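K.L.:
What follows is a predicted protein model with its sequence.
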Amino acid sequence: MVAEWKHIEDIMSEEYVGKRVCIRGWIYRKSVVGGKAFVRVRDSTGVIQVVVDREVLGDEIVKTLKDMGLEASVKTCGILVKQPRAPGGYEIHTDYFEIVGTSRDFPIKGNEGIEYLLDHRHLWLRSRRLTEIMKIKHTVLKAGRDYFIENNWWEVTPPILTASAVEGGATLFPVKYFDKTAYLSQSAQLYLEVLIYSLEKVWSLTPSFRAEKSRTRRHLAEYWHLEAEAAWYNMEDMMKVTAELVAYIVDKVLESNRRQLEFLGRKLDVLKRSREPNYPAIKYDEAISILQKKGVNIEWGDDLGADEERILTQEFETPFFITHFPKDIKSFYMKMDANDPRVVLGFDLLAPEGYGEIIGGSEREDNYEVLYQRIIEQGYDPSNYKWYLDLRKYGSVPHSGFGLGIERLVMWIAGLDHIRDAIPFPRYRGRIYP
């Protein structure tokens with residue numbers, strides 16, 4: 001009686017009109033009118049209307065569906081009919097309908113507040129909007145991997161538990177590690193630097209953790225970090241890789257996820273312009289000048305926050321670089337510019353449309369004595385970085401790297417208002433459930 005199970009997306013075509021099809025999914029919407037139940041069934045690929053007629057299947061199933069809640073799981077078979085008034089233009093006139101898992105009083109009915117929805121994130125993830133975002137994120141992750149593989153980089157697996165800070169001790173999450181204190185990794189960078197001395201070009205995709213107390217639309221305490229390091233690369237070399245990577249990812253999303261982007265209402269003009277990696281670059285000095293001319297109260301040496309970045313993004317129609325930041329606002333491992341020791345050979349890549357930083361990178365300091373002094377200047381204990389300093393004692397080479405925040409990139413590409421929707425279970429200050 002049951003034909004081969006199909007995904008909804010696969011049967012929504014002229015090819016299947018008049019043929020018997022079978023699908024499995026969940027009740028997305030429903031209404032009962034007279035002796036018919038009109039059930040919209042969703043699966044991972046789409047939504048289709050199923051018409052349950054009591055003249056075909058009897059009164060009992062129609063009565064059951066009238067009382068059945070949303071998100072009940074079902075299996076159904078029937079003839080596919082072209083119906084312009086139905087969602088997607090097709091519907092199934094069923095001759096077989098089975099409720100597999102019942103559902104009563106589904107707690108998300110519409111118009112709930114954000115905190116309520118976050119408390120029910122395990123159920124909210126079934127929404128079509130979040131489903132489409134996760135599909136875009138899948139493409140972003142795959143494209144990132146594919147770029148590195150196609151360009152002969154080696155994937156490696158750095159640790160998540162660490163003994164020292166990469167991006168400042170104030171944002172570390174301490175954990176008990178037997179009889180010692182360890183920390184959740186802020187970045188894989190230091191360990192990736194170890195591996196360039198054998199593999200030369202390495203990358204990793206790992207979770208990173210930042211105990212930042214701010215609650216903004218673009219900060220997470222736990223996020224996915226795509227990072228790369230390469231021997232013999234200077235800052236310009238790594239900026240080229242960064243631009244190519246982002247352009248490659250954008251191109252693949254436009255190629256694979258056009259339907260998801262349109263469902264989200266994403267305007268595609270900026271993404272189309274960003275498919276080519278010829279992103280402009282300005283120095284920090286120029287960024288400060290632009291901000292001052294726009295009336296922003298900022299001085300040379302100040303860090304750029306979300307508000308300043310948002311203003312700068314109004315000047316560009318694609319992602320763009322800011323380079324040569326003051327050394328006092330950047331990490332100890334960034335190499336100072338030989339032509340101006342006040343600044344480092346570091347760069348940020350900012351997404352347009354107000355989204356701001358999505359990547360941070362730099363040329364790394366390769367001189368032992370300079371790195372040792374920089375560690376002390378920033379208030380760290382050099383003994384905690386003995387192994388890292390050793391890299392500069394035994395065959396040190398010029399090298400560079402960067403880190404890309406996956407959720408920030410997804411947030412921009414998908415046009416999201418808040419980063420929490422770029423990850424299944426967002427973690428930030430005050431949010432650990434579910």
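P.N.:
That came in fine, so what should we check first? In this text, all values refer to a predicted model and were calculated from it rather than measured experimentally.

K.L.:
Report the buried residues of the strand of greatest length in the chain.
P.N.:
Once the chain is assigned using DSSP state E, the strand that runs over the most residues is strand 20-33. Using 16 or more other Cβ atoms under 10 Å as the test for burial, strand 20-33 gives R20, V21, C22, I23, R24, G25, W26, I27, Y28, K30, V32. For glycine as for every other residue, the C-beta is placed from the backbone atoms N, C-alpha and C.

K.L.:
Just to check, the fourth one is in contact with V39?
P.N.:
No - using Cβ atoms under 8 Å, I23 is not in contact with V39, being 11.2 Å away.

K.L.:
still on that earlier bit, alpha carbons only: can I get the longest strand of the chain in CSV?
P.N.:
Taking only C-alpha atoms (Å, rounded to 0.1, in the frame of the first residue of the first chain), the coordinates of strand 20-33 have been written out as CSV:
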residue,chain,number,x,y,z
ARG,A,20,0.5,8.6,-5.8
VAL,A,21,3.1,10.0,-3.4
CYS,A,22,4.0,9.3,0.2
ILE,A,23,5.5,11.8,2.7
ARG,A,24,6.3,12.0,6.4
GLY,A,25,6.5,15.0,8.6
TRP,A,26,4.8,17.2,11.2
ILE,A,27,1.6,19.2,11.3
TYR,A,28,2.5,22.8,10.6
ARG,A,29,-1.0,24.3,10.3
LYS,A,30,-4.5,22.8,10.0
SER,A,31,-8.2,23.6,9.6
VAL,A,32,-11.3,21.5,9.5
VAL,A,33,-14.2,22.7,7.2
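
K.L.:
What strands flank it, and is each parallel or antiparallel?
P.N.:
When sheet partners are counted by DSSP bridges, strand 20-33 sits next to strand 5-6 (parallel), strand 36-42 (antiparallel), strand 73-82 (antiparallel).

K.L.:
any idea which of those is most buried?
P.N.:
Using mean count of other Cβ atoms under 10 Å, the stretch among these with the largest mean neighbour count is strand 36-42, at a mean of 21.

K.L.:
so who does R342 touch?
P.N.:
R342 makes contact with P326, K327 under the criterion Cβ atoms under 8 Å, 6 or more residues apart in numbering.

K.L.:
Now distance to E315 and mean pLDDT too, for the strands paired with strand 20-33, in a markdown table please.
P.N.:
Below are the strands paired with strand 20-33 laid out as a markdown table (distance: least, Cβ to Cβ, whole Å; pLDDT from 0 to 100):
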| stretch | distance to E315 | mean pLDDT |
| --- | --- | --- |
| strand 5-6 | 49 | 97 |
| strand 36-42 | 42 | 98 |
| strand 73-82 | 50 | 98 |
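
K.L.:
Reformat those as a markdown table; add distance to T323.
P.N.:
What follows is those, written out as a markdown table (distance: least, Cβ to Cβ, whole Å):
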| stretch | distance to T323 |
| --- | --- |
| strand 5-6 | 52 |
| strand 36-42 | 47 |
| strand 73-82 | 53 |
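
K.L.:
For K63, which of these is the nearest?
P.N.:
Between K63 and the strands paired with strand 20-33, the shortest separation by Cβ to Cβ is 9.1 Å, and it involves strand 36-42.

K.L.:
Give the next helix or strand downstream of the closest one.
P.N.:
Scanning forward in sequence from strand 36-42 by DSSP states H and E, the next helix or strand is strand 47-53.

K.L.:
Mind telling me what element I92 is part of?
P.N.:
Following DSSP H and E, the helix or strand that holds I92 is strand 90-101.
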